[in-house]
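Colleague: Provided below for reference: sequence and predicted model.
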Protein chains: 2
Amino acid sequence: MHVPKQDRSRATRQRLLAAAVACLAEHGWAGSTVAVVAERAGVSRGAAQHHFPTREDLFTAAVEYVAEERSTALRALFPEGAADRRAVVAALVDLFTGPLFRAALHLWVAASDEEQLRLRVTELEARVGRETHRIAVDLLAADESRPGVRETVQGFLDMSRGLGLANLLTDDAARRQRVVAQWGEILNGVLD
Amino acid sequence: MHVPKQDRSRATRQRLLAAAVACLAEHGWAGSTVAVVAERAGVSRGAAQHHFPTREDLFTAAVEYVAEERSTALRALFPEGAADRRAVVAALVDLFTGPLFRAALHLWVAASDEEQLRLRVTELEARVGRETHRIAVDLLAADESRPGVRETVQGFLDMSRGLGLANLLTDDAARRQRVVAQWGEILNGVLD
């Protein structure tokens, strides 16, 4: 079977990105190097370095790539927009409780101590944050021309990040479900 | 001037705890050792190890001590309970935007990768979380016997943690102020 070179290259790149997020989520920044990710992805170190010259390149690209994948998946879950706001609220909170959030959290905390990483991650966070906000506004059918609606959506996304944090060390699913049910009602009332 | 030995020992301990939180906030877990903290506190390494035999002892005790100090200060700010809920909301959010939150975040993230630290930090987080919840309920004059009120307060505290996270890499104060103003109103309405 013939696979065009360009497609092979794209597949290699995607394997590296997925392995990088998994590695960051499991081992943190200190345990995440290009070499470790290359081995996990079954890619030679040289090929990995061809795609991502630096460690910062690899891990920021990985978090961005997986965040985009998740955004696309989330939009696909609600092709007609907000059918039921409470379901949208639950799906948005889910964005912050998986390996992607764990990986991003490791990257953010490492960036707070490392100047070189800090600028890259700050830009990345701004881009991903804007896109998440846009999706939330669309799926929640939030009318941002009304006063306070923008801040309402922002605060809800801050809550989602806090819920992700609460899930870092222990399985917080049972408590989270009750909080999300209650705040889904509150948010629904405020946005109506 | 004669200072009793017990008081000197307590003062040394408190200097170590304050230095440990500052060190963790500035340098992260990887850069935080008993030796570094002892030097910062102007205490001999032997004395530091007398008070805190292990690195885990020192840093978990430090986060707990400073959290207690902050809780006491917060209660002192509102000696009569909730005068104005919006002021209480702002003060509670402030708990999560300073060096203590930054230090705790470094400790949590490190604990997610280190089994030995994980149990200690999980217990610590549960204790500090319960106390913060109790203060929030008291100061917000929230009646937890009403359905949904407990989850409302929990979700608000999750939002506060998320706002702390958003402040990690950049100064998020202007946006945060708008979010807190809006959610202070929402919370006030729900709790009435």
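Modeller: Alright, I've got the coordinates. Numbering: from 1, shown residues only, chains lettered A, B, ... in the order given.
Colleague: what ranges do the helices span in chain A?
Modeller: For chain A, the helices identified by DSSP state H occupy A:5-27, A:34-41, A:45-51, A:55-77, A:85-94, A:99-113, A:115-139, A:149-166, A:173-191, in order along the chain.
Colleague: Tell me which of these is the most buried.
Modeller: Between the helices of chain A, the one whose residues have the most neighbours on average, counting mean count of other CB atoms under 10 Å in any protein chain shown, is helix A:149-166 (a mean of 24). Every C-beta, even on glycine, is put in place using the N, C-alpha and C of the backbone.
Colleague: what about that one and chain B, touching?
Modeller: Yes: using CB under 8 Å from any CB of the partner chain, helix A:149-166 comes into contact with chain B via A:151-152, A:154-166.
Colleague: Would you check which pair of these lies furthest apart?
Modeller: A:151 and A:166 (22.2 Å; CB to CB).
Colleague: For the closest residue to residue A:149 other than its chain neighbours, give me its contacts.
Modeller: Excluding its sequence neighbours, the residue lying closest to residue A:149 (CB to CB, 6 or more residues apart in numbering or on different chains) is residue A:142, at 5.3 Å. Shown here is residue A:142, whose contacts under the criterion CB atoms under 8 Å, 6 or more residues apart in numbering or on different chains are A:136, A:149, A:152, A:153, A:191.
Colleague: Mind doing that once more with 6 Å?
Modeller: For residue A:142, the contacting residues are A:149, A:153, A:191, by CB atoms under 6 Å, 6 or more residues apart in numbering or on different chains.
Colleague: Give me the below-cutoff pLDDT ranges for chain A.
Modeller: A:1, A:81-82 (pLDDT under 70).
Colleague: Chain B contacts on that one?
Modeller: For chain A, the residues in contact with chain B under the definition CB under 6 Å from any CB of the partner chain are A:28, A:108-109, A:111-113, A:122, A:148, A:151-152, A:154-155, A:158-159, A:161-163, A:165, A:168-170, A:178-179, A:182-183, A:186, A:190.
Colleague: burial of residue A:140, as a residue count?
Modeller: Residues contacting residue A:140 under the criterion other CB atoms under 10 Å in any protein chain shown number 22.
Colleague: Just read off the phi/psi values of it.
Modeller: Main-chain dihedrals, residue A:140, degrees, to the nearest 10: phi -90, psi 0.
Colleague: separation between the nearest residue to residue A:40 once chain neighbours are set aside and residue A:163?
Modeller: Spatially, and ignoring its direct neighbours in sequence, residue A:40 is nearest to residue A:19 (4.2 Å; CB to CB, 6+ apart). In this view, residue A:19 and residue A:163 are 27 Å apart by CB to CB, to the nearest Å.
Colleague: again, but for residue A:139
Modeller: Noted for residue A:139: a distance of 18 Å to residue A:163, by CB to CB.
Colleague: again with residue A:38
Modeller: In terms of CB to CB, residue A:38 sits 34 Å off from residue A:163.
Colleague: now, among the contacts of residue A:142, which is nearest to residue A:85?
Modeller: Using CB to CB, residue A:191 is the member of the contacts of residue A:142 that sits closest to residue A:85, with 6.9 Å.
Colleague: Enumerate every residue touching the closest one.
Modeller: Taking CB under 6 Å, 6+ apart as the criterion, residue A:191 is in contact with residue A:142.
Colleague: Chain neighbours aside, what residue packs nearest to the residue most central in space within chain A?
Modeller: The centroid of chain A falls nearest to residue A:67 when counting by CA atoms, centre = their mean (3.9 Å). Distances taken as CB to CB, 6+ apart put residue A:128 closest to residue A:67, at 4.7 Å, once the chain neighbours are dropped.
Colleague: again, but for residue A:47
Modeller: With CB to CB, 6+ apart as the criterion, residue A:47 has its nearest non-adjacent residue at 6.2 Å, and that residue is residue A:12.
Colleague: swap in residue A:38?
Modeller: Nearest non-adjacent residue to residue A:38, counting by CB to CB, 6+ apart: residue A:48, 3.8 Å away.
Colleague: do the same with residue A:89
Modeller: On the basis of CB to CB, 6+ apart, the spatially nearest residue to residue A:89 that is not a chain neighbour turns out to be residue A:184, at 4.1 Å.
Colleague: In this structure that neighbour contacts residue A:88, no?
Modeller: No: the pair residue A:184 and residue A:88 fails to qualify as a contact (CB atoms under 6 Å) at a distance of 8.5 Å.
Colleague: picking that back up, quick check: the residue nearest to residue A:47 vs chain B, distance?
Modeller: Here the criterion is CB to the nearest CB, to the nearest Å. By it, residue A:12 lies 28 Å from chain B.
Colleague: Kindly report the same for residue A:79.
Modeller: Taking CB to the nearest CB as the measure, residue A:79 falls 28 Å from chain B.
Colleague: for residue A:5, same thing?
Modeller: Distance check for residue A:5 against chain B: by CB to the nearest CB, it reads 38 Å.
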